[in-house]
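[1] heads up, no residue letters with this:
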Ligand code: NAD
């Protein structure tokens with residue numbers, strides 16, 4: 001059995017998987033591979049699947065499966081798994097990091113110090129304490145974020161059409177109800193027909209003036225141009241972003257917008273998460289073989 005590591009994983013993973021067969025990271029061997037391991041970079045399209053006649057199992061290290069043609073894979077009898085549970089803490093910690101970073105001007109203050117400037121009077125920080133966090137998508141990551149926000153003394157409200165109650169947030173019946181009361185909005189959504197372009201000039205009107213927006217879900221759930229307009233008008237005070245229309249982004253309008261903190265899609269990239277992903281992959285391949 002040939003196992004192809006098509007994207008970046010923990011460096012110890014090939015050794016862990018050797019017991020199952022030959023392990024390679026040589027992408028020219030797609031046609032021979034029976035198991036292909038991907039993260040977000042490899043796109044398992046119809047053409048990709050057609051180029052892999054021996055493929056039986058695709059494992060996506062991470063959550064989002066929007067880079068896999070699930071319908072075509074099913075037609076071809078290919079099983080697709082993700083490692084959904086592994087990444088929740090890593091991504092929730094990044095969403096929280098962005099919240100803290102934008103309200104404390106971490107990036108701007110650091111840059112100014114490196115430039116020899118002393119902007120003590122120009123910058124006022126804002127506390128998270130007693131502010132309201134609105135979570136859109138109250139799944140695994142949203143729930144981990146809510147726990148952290150509660151520890152900081154925040155009120156947490158959330159919207160998720162498939163989650164009716166939560167121990168960590170007051171569930172609202174519409175997204176507008178969340179937008180209207182939240183000082184911070186954090187997006188934890190999969191990319192679907194319903195979530196694409198969800199944050200746009202119309203929905204932004206429902207936000208509180210001067211709200212903060214965080215996106216560690218998927219880039220295409222926001223309309224970047226509309227978010228930039230909201231930043232320029234002050235409707236949004238700042239935007240913390242980890243996810244893009246493409247990795248890396250091409251000509252994104254966000255790079256020139258005011259008050260944006262940008263990350264190169266690092267949500268899942270903790271050492272601990274890569275180890276957890278490796279453990280789950282080992283288990284899934286073991287199950288597949290048996
Ligand atoms: P999850 O499936 O546990 O939670 C997603 C939640 O979104 C679900 O509860 C679902 O009911 C809800 N949802 C779906 N459509 C909705 C809608 N229209 N409105 C409101 N809620 C809706 O997934 P998770 O593990 O919490 O991950 C969430 C997303 O985070 C993933 O789909 C992925 O896109 C993204 N992610 C990003 C990174 C990163 O590196 N930044 C890493 C992992 C996951």
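    Perfect, thanks for sending it. This is a predicted model, so every value here is computed, not measured.
[2] quick one, strands of the stretch 1-150 of the chain?
    When assigned using DSSP state E, counting those that start in this stretch, the strands of the stretch 1-150 of the chain occupy the ranges 2-5, 22-24, 35-38, 57-60, 79-82, 132-136.
[3] now those in CSV, with distance to residue 125 and mean pLDDT?
    Quick note: C-beta positions are derived from backbone N, CA and C, even for glycine. CSV is the format used below for those (distance: least, CB to CB, whole Å; pLDDT from 0 to 100):
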stretch, distance to residue 125, mean pLDDT
strand 2-5, 43, 98
strand 22-24, 48, 98
strand 35-38, 40, 98
strand 57-60, 38, 98
strand 79-82, 38, 97
strand 132-136, 17, 99
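[4] could I get those as a markdown table with mean neighbour count?
    Formatted as a markdown table, the entries for those read as follows, by neighbours: other CB atoms under 10 Å:
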| stretch | mean neighbour count |
| --- | --- |
| strand 2-5 | 22 |
| strand 22-24 | 17 |
| strand 35-38 | 26 |
| strand 57-60 | 23 |
| strand 79-82 | 17 |
| strand 132-136 | 25 |
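[5] measure residue 125 to the ligand for me?
    25 Å (CB to the nearest ligand atom, to the nearest Å).
[6] before we move on, what about residue 168?
    As defined by CB to the nearest ligand atom, residue 168 lies at a distance of 13 Å from the ligand.
[7] and whichever helix or strand residue 203 is part of, anywhere near the ligand?
    Per DSSP states H and E, residue 203 falls inside helix 201-204. No - judged by CB under 6 Å from any ligand atom, helix 201-204 and the ligand are separated, with a smallest distance of 11.4 Å.
[8] now the angle from the following helix or strand past that helix to strand 132-136?
    Of the helices and strands lying after helix 201-204 in sequence (DSSP H and E), the nearest is strand 211-215. Orientation note: strand 211-215 sits at an angle of 40 degrees relative to strand 132-136 (axes from the mean of the first three to the mean of the last three CA atoms, to 10 degrees).
[9] partner strands of strand 211-215, with direction?
    In the sheet containing strand 211-215, its partner strands are strand 184-187 (parallel), strand 236-241 (parallel), by DSSP bridges.
[10] mind putting those strands into CSV with mean neighbour count and distance to the ligand?
    What follows is the strands paired with strand 211-215, written out as CSV (neighbours: other CB atoms under 10 Å; distance: least, CB to the nearest ligand atom, whole Å):
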stretch, mean neighbour count, distance to the ligand
strand 184-187, 26, 8
strand 236-241, 24, 10
